[in-house]
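# take a look and give me a structure for this.
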Amino acid sequence: MLEQLQLLDNNTFPTITAFLLGLMTTISPCPFCTNITAISFISKDVKHKRNVLLNGLMYALGKIVAYSGLALVFLLGADILHIQHFFETYGEPAMGPFLIVCGIFMLGVFKFHHHDTHHHEQGSFNDRIIQKSKAGSWWWAFLLGIIFSLAFCPYSGVLYFGMLIPMTLAQPAGLLLPISFAIATGLPVIIIAFAIAYSVSGVSRLTNKMPAVETWFRRVCAILFILVGCYICISVFSGHDHDHEHQHQIEYRHLHERPLSR
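Next up, the predicted model:
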């Protein structure tokens, strides 16, 4: 893997190299898990394929903001090793509980009743949150794009901090590289989510069961959030991911210390 990364870094087309690194990141452990939940969330509005596409674009935009903003911090002179250690130490462990809590709220397990003094009626606070999330799902997709991007595992950390950032600092293209990287990490999610929504929408319209399918799809989305959150928690707190962290740090230091080709 290290030899392949070195070959990519010597590529004369840095933007394409950054795009390929982004594709490689999508199959790394933590991003792969979060991509599953992102696909389910983006495609949950199966009734409106336009909303699915909008959610996907906003998710990709969130990734662009996260990766480019972080790269800008390094361009301004921040220490790469310290920031990498911070995100790998706290980003992935926080992701598991975050997904579990989101999934629980989406399922409506807990009901918090809130008295509306304006309409003088009792309503479910949890239902209000769900309704607002449906109305502004593109905003939640944007936030998920940012949050998921910053949940680095050691492997994705090597690709981003060890390869992309040194290239960004060395290449005249500058912030175009993290943008290309972000598009590559979000593009597979958009394509798969839209394909699922399109196929499910077509089948449900033929059977005239769109409301039932949409409700079922949202519940599946919530369950996936919980399952992926539990998997990340078990993986992180059992120490499985961090067994290889030292090796990834060695690889990163080797990549960071060697001369960068322009």
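
# could I get the full set of helices for this structure?
Taking DSSP state H as the test, the helices found in the chain are 2-9, 14-26, 29-42, 49-75, 80-107, 125-135, 137-149, 154-157, 165-170, 176-207, 210-237, 245-257.

# redo those as CSV? Include mean neighbour count and mean pLDDT.
All C-beta spots, glycine's among them, are computed from the backbone N, C-alpha and C. Formatted as CSV, those follow (neighbours: other CB atoms under 10 Å; pLDDT from 0 to 100):
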stretch, mean neighbour count, mean pLDDT
helix 2-9, 14, 54
helix 14-26, 21, 89
helix 29-42, 23, 85
helix 49-75, 20, 91
helix 80-107, 18, 85
helix 125-135, 14, 49
helix 137-149, 21, 88
helix 154-157, 24, 84
helix 165-170, 20, 89
helix 176-207, 19, 82
helix 210-237, 17, 82
helix 245-257, 15, 48
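
# where does the residue lying closest to L53 once chain neighbours are set aside sit relative to A141, distance-wise?
Excluding its sequence neighbours, the residue lying closest to L53 (CB to CB, 6 or more residues apart in numbering) is F194, at 5.9 Å. Separation of F194 from A141 (CB to CB, to the nearest Å): 13 Å.

# mutual contacts of those two, please.
G56 (CB atoms under 8 Å, 6 or more residues apart in numbering).

# picking up where we left off before, got a list of what the residue nearest to L53 touches?
F194 neighbours (CB under 8 Å, 6+ apart): S43, K49, V52, L53, G56.

# and what of P93?
Taking CB under 8 Å, 6+ apart as the test, what P93 contacts is C233, V236, F237.

# what does L175 give?
Neighbours of L175 in contact, by CB under 8 Å, 6+ apart: S68, A71, L72, L75, T168.

# for it, give its distance to P14.
Where P14 is concerned, L175 sits at a distance of 12 Å (CB to CB).

# and A193, by the same measure?
Taken as CB to CB, the span from A193 to P14 is 29 Å.

# with F225 instead?
F225 is 36 Å from P14, by CB to CB.

# same thing with M24?
15 Å.

# do the same with V73
20 Å.

# do the same with L177
6 Å.

# what sits in contact with each of these two?
With contacts defined as CB under 8 Å, 6+ apart, the residues shared by L177 and P14 are M167, Q171.

# put the alpha carbons of stretch 80-99 into CSV.
The C-alpha atoms that make up stretch 80-99 are tabulated as CSV, following Å, rounded to 0.1, in the frame of the first residue of the first chain:
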residue,chain,number,x,y,z
ILE,A,80,-0.1,18.3,10.9
LEU,A,81,0.9,15.6,13.4
HIS,A,82,-0.9,17.2,16.3
ILE,A,83,-4.1,17.8,14.5
GLN,A,84,-4.1,14.3,13.0
HIS,A,85,-3.6,12.8,16.5
PHE,A,86,-6.5,14.9,17.8
PHE,A,87,-9.0,13.8,15.1
GLU,A,88,-7.9,10.1,15.2
THR,A,89,-8.1,10.1,19.0
TYR,A,90,-11.5,11.8,19.5
GLY,A,91,-13.2,11.8,16.1
GLU,A,92,-13.8,8.1,15.6
PRO,A,93,-14.7,7.3,19.2
ALA,A,94,-17.3,10.1,19.2
MET,A,95,-18.9,8.9,15.9
GLY,A,96,-20.3,5.7,17.3
PRO,A,97,-22.4,7.2,20.1
PHE,A,98,-23.4,10.0,17.8
LEU,A,99,-24.9,7.5,15.2
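
# kindly check the end-to-end length of stretch 147-166 for me.
End-to-end distance of stretch 147-166: 23 Å, with CA to CA, to the nearest Å as the criterion.

# so what's the residue count around F13?
Here the number of neighbours of F13 (other CB atoms under 10 Å) works out to 10.

# who touches L99 in this structure?
So L99 contacts T34, T37, F225, I226, V228, G229, I232 (CB under 8 Å, 6+ apart).

# with adjacent residues omitted, what lies nearest to it?
Closest to L99 by CB to CB, 6+ apart is G229, at 3.2 Å.
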